[in-house]
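# Fold the following for me, if possible:
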Amino acid sequence: MNLKKPYFCAKEWKYEKEWRLIGNQGVQSSPLFLKEIIFGLRCDLSVIHTIINGLKGRNSPVKFFRMHYSGNEYNLKKEEIDLDELSRTLPREAQIIDMLDDIEIN
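Prediction:
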């Protein structure tokens with residue numbers, strides 16, 4: 001992996017034990033073992049779906065979580081994403097292609 005700065009995390013957030021890798025696009029191996037991904041409150045479903053699909057078929061499975069507000073409080077709760085439910089919430093590719101039929105290309 002050709003990285004300028006292989007990982008970063010602000011000192012204030014060090015307790016989260018979070019690592020971020022940034023490199024060129026494409027398939028690359030990583031020296032780190034990825035156990036789970038936690039998506040934030042405002043992360044778009046299409047982003048979640050894209051990342052989950054990109055990590056399918058790995059030798060070691062990755063768990064996916066999404067943060068939610070806990071009841072009426074401002075506390076956050078980490079909930080595991082139901083992959084079957086997620087796949088039912090997004091439109092199929094054929095539906096998207098059908099919607100593009102009316103677009104004129106010059």
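# Low-confidence regions, this protein specifically.
Flagging of the chain using pLDDT under 70 yields the residue ranges 1-10, 13-14, 16-32, 90-106.
# and the longest helix along the chain, what other elements does it pack with?
The helix that spans the most residues within the chain, counting by DSSP state H, is helix 45-54. For helix 45-54, the helices and strands in contact under the criterion 3 or more Cβ pairs under 8 Å, 6 or more residues apart in numbering; DSSP states H and E are strand 36-39, strand 63-69, helix 83-89. The way it works is simple: take the backbone N, C-alpha and C, and place the C-beta from them, glycine included.
# got the buried residues for the second one?
In other words, strand 63-69. 64, 66 (16 or more other Cβ atoms under 10 Å).
# wait, what's in contact with the spatially closest residue to residue 80 that is not a sequence neighbour?
Counting by Cβ to Cβ, 6 or more residues apart in numbering, the nearest residue to residue 80 once its immediate chain neighbours are dropped is residue 65, at 5.4 Å. Contacts for residue 65 (Cβ atoms under 8 Å, 6 or more residues apart in numbering) come out as 36-39, 78-81.
# Please identify which of the residues you listed is nearest to residue 69.
residue 79 (10.8 Å; Cβ to Cβ).
# Quick one: residues contacting that closest one.
Per Cβ under 8 Å, 6+ apart, neighbours of residue 79: 65-68.
# give the contact list for residue 58.
By Cβ under 8 Å, 6+ apart, the neighbours of residue 58 are residue 34.
# give me phi/psi at it?
In terms of degrees, to the nearest 10, the main-chain angles of residue 58 are phi -70, psi 150.
# In TSV, list the contacts of residue 79 along with distance to residue 58.
Formatted as TSV, these follow (distance: Cβ to Cβ, whole Å):
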residue	distance to residue 58
65	17
66	19
67	23
68	25
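# hmm, back to that, quick check on the contacts of residue 65: which are buried?
Applying 16+ other Cβ under 10 Å to the contacts of residue 65 flags 39, 81 as buried.
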